[in-house]
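Enquirer: Sequence and computational prediction follow.
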Amino acid sequence: MACSNRVQAYRASIVHSVGDPSQVGIEASYQYYEDGLLVVSDGKIEALGHAHDLLPSLSHGTEVVNYQDSLIAPGFIDAHIHFPQLEMVASYGHQLLDWLHNHVFPAEARFVDRAHASTVARRFLEELLRNGTTTALVFGSSHMEAVDAFFEVASELGLRMIAGKVLMDCNAPDSVTDTPESGYRDSAELIRRWHGKDRLSYAITPRFAITCTGEQLRLAGELLAENPGVYLHTHLSENKKEIEVVAELFPEHRGYLSVYEHYKLVGPRSVFAHGVHLTDEECARLGQSGAAVAFCPTSNLFLGSGLLDLPRLEAHGVNVGLGTDVGAGTSFSLLQTLNEAYKVMQLQGHKLHPFKSLYLATLGGARALRLDDRIGSFATGNEADFVVLDYKATPLIGHRIERARNLEEKLFVLMMLGDDRCVKETFAAGKSVHKRSNF
């Protein structure tokens, strides 16, 4: 794993979340230093505060990097994304089930070729970093070598990533299916190779109930029980037709979530993408289990799946992170994803405050992934994953920022108008892993 082994300090305006605004209130949810200093040592946060307080305490010769017209924030955390779908993002014209068969499965079939998978993995991770995302929960393909290639590139770059081989043994072309036995065997081997190595973790990844037999789901549950600390990552209640098909395939269960519960796949390290059409009872059970939901607004709008009721989930105690869900999602940028999240909330008569948005993209995502003791904020000792955002990324953003009266308004401008152009530089474990070409 690559990381910085010397003390460095970064000076700019600095903000990070310290709590969920829905629980602690807006003012208690963040810390902000207009002229701040972030001190990093050996890839971890050593200190954060006002520049005038910390500068005199720095050791002689400590490098101080100054960023003008910039805001430093924790690295963004993407709670749901598909790395093979870089190949077919922005594919026209279908809702979920048809879209999978017409676009996704043909693209994912090509990942049987390890060289292809390795090339795409590098492009995928570079795209995440270009957008300021330093951690993601990643769907692979059903091919073991493709996921092995992904982990290899992520390890080389020193990133905190979670990924898994897709398990799917039915209702899909042979080119993308496995068997319950091969899925169990390949997943177990990938866990052995990669889980806990460097900054990497493994997620057991059944695609969704429609493409998994009961036997495959049973063995996924066994893997989860046999390997404490791994994750469970799948889809849940994204699309109404999907829910109908699950009911037809599993008539003995009383609902979609019940299928996963039956096979012991629901727990505090389980992350379910979407959850758009959950019942109140299902929300309550998710909250009681400690599981998380990934809110994927650009995907839900693109596929016409529906509008997630975020306040309802949170009322039931469900942890929620933010997901781009590329390739149904239309942008790698969590800034753009927050743009659409705001609109999804507006359409339901709710507001998404800028500091709540900051929370979802950083500390909220870390909590959803049970990583808030390592990433998501600038707490002392956390891993130094952070992004430098440019207040003058475009003429329009610069013009609008000049008229912003406070940090709340500046954040909102970045979230409504920002994208990858706003990312000056991205750091992982204290090392610069992306620098904008014109910066």
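Expert: Looks like it arrived, so ask away.
Enquirer: residue furthest from the geometric center of the protein?
Expert: H60 (38.3 Å; Cα atoms, centre = their mean).
Enquirer: Now do the strands for the stretch 251-400 of the chain: every range, in order, please.
Expert: 270-274, 292-295, 319-322, 386-390 (DSSP state E, counting those that start in this stretch).
Enquirer: A428 is in contact with T133, isn't it?
Expert: No: between A428 and T133 there is no contact, the gap being 10.1 Å when judged by Cβ atoms under 8 Å. Using the backbone N, CA and C atoms, a C-beta is placed for each residue, glycine as well.
Enquirer: Residue nearest the middle of this protein, spatially speaking?
Expert: Note on the chain: the residue nearest the mean C-alpha position is D78, at 1.4 Å, using Cα atoms, centre = their mean.
Enquirer: beta partners for M161?
Expert: According to DSSP bridges, the residues that bridge with M161 are A136, L200.
Enquirer: Correct me if wrong, but the residue nearest to the centre of the chain is in a helix.
Expert: No: if the criterion is DSSP: H, G, I helix; E, B strand; the rest coil, then D78 is strand and not within a helix.
Enquirer: Please shift the residue numbers so they start at 33 in all later answers.
Expert: All set: I'll call the first residue 33, so the last point we hit is now D110.
Enquirer: From T166, how far off is it?
Expert: In this structure, D110 and T166 are 9 Å apart, going by Cβ to Cβ, to the nearest Å.
Enquirer: Enumerate every residue touching G322.
Expert: Under the criterion of Cβ atoms under 8 Å, 6 or more residues apart in numbering, the contact partners of G322 comprise G299, P300, N351.
Enquirer: meant to ask about F304, not that
Expert: Under the criterion of Cβ under 8 Å, 6+ apart, the neighbours of F304 are T266, H267, L268, S269, Y292, L318, A323, A324, V325, A326.
Enquirer: on that earlier part again, can I assume the residue nearest to the centre of the chain is in contact with S365?
Expert: No: the pair D110 and S365 does not pass the contact test of Cβ under 8 Å, sitting 10.0 Å apart.
Enquirer: that older thread, and the strands of the stretch 283-432 of the chain: which comes nearest V50?
Expert: The stretch from these with the least distance to V50 (Cβ to Cβ) is strand 418-422; that distance is 15.1 Å.
Enquirer: quick one: strands adjacent to that closest one?
Expert: Its sheet considered, strand 418-422 pairs with strand 95-106 (antiparallel), strand 455-460 (antiparallel) by DSSP bridges.
Enquirer: re earlier: what pairs with the residue nearest to the centre of the chain across the strands?
Expert: Here D110 sits in beta bridges with A168, as judged by DSSP bridges.
Enquirer: how near is it to H294?
Expert: The value you get for D110 to H294, if Cβ to Cβ is used, is 29 Å.
Enquirer: For H285, which non-adjacent residue is spatially closest?
Expert: When the adjacent residues along the chain are set aside, H285 lies closest to V291, with 4.9 Å between them (Cβ to Cβ, 6 or more residues apart in numbering).
Enquirer: Now do the contacts for the one you found.
Expert: Contacts for V291 were tallied using Cβ under 8 Å, 6+ apart; they are A241, L249, V278, F282, H285.
Enquirer: From those residues, pick the one nearest R402.
Expert: Checking the contacts of V291 one by one against R402 (Cβ to Cβ), the nearest turns out to be L249, at 22.3 Å.
Enquirer: ok, the closest one touching V298?
Expert: No: L249 sits out of contact with V298 when judged by Cβ under 8 Å, with a separation of 11.5 Å.
Enquirer: ok so, going back, what residues are shared contacts of D110 and S365?
Expert: When contacts are counted by Cβ under 8 Å, 6+ apart, D110 and S365 have T356 as shared neighbours.
Enquirer: Mind listing residues that contact the helix or strand bottoming out on mean pLDDT in the chain?
Expert: Of all the helices and strands that make up the chain, the one with the lowest confidence by mean pLDDT, DSSP states H and E is helix 128-131; it has a mean of 88. Contacts made with helix 128-131 from outside it, assessed by Cβ under 8 Å, 6+ apart, are listed as S123, I242, E270, N271, K273, E274, V277, L335, S337, A360.
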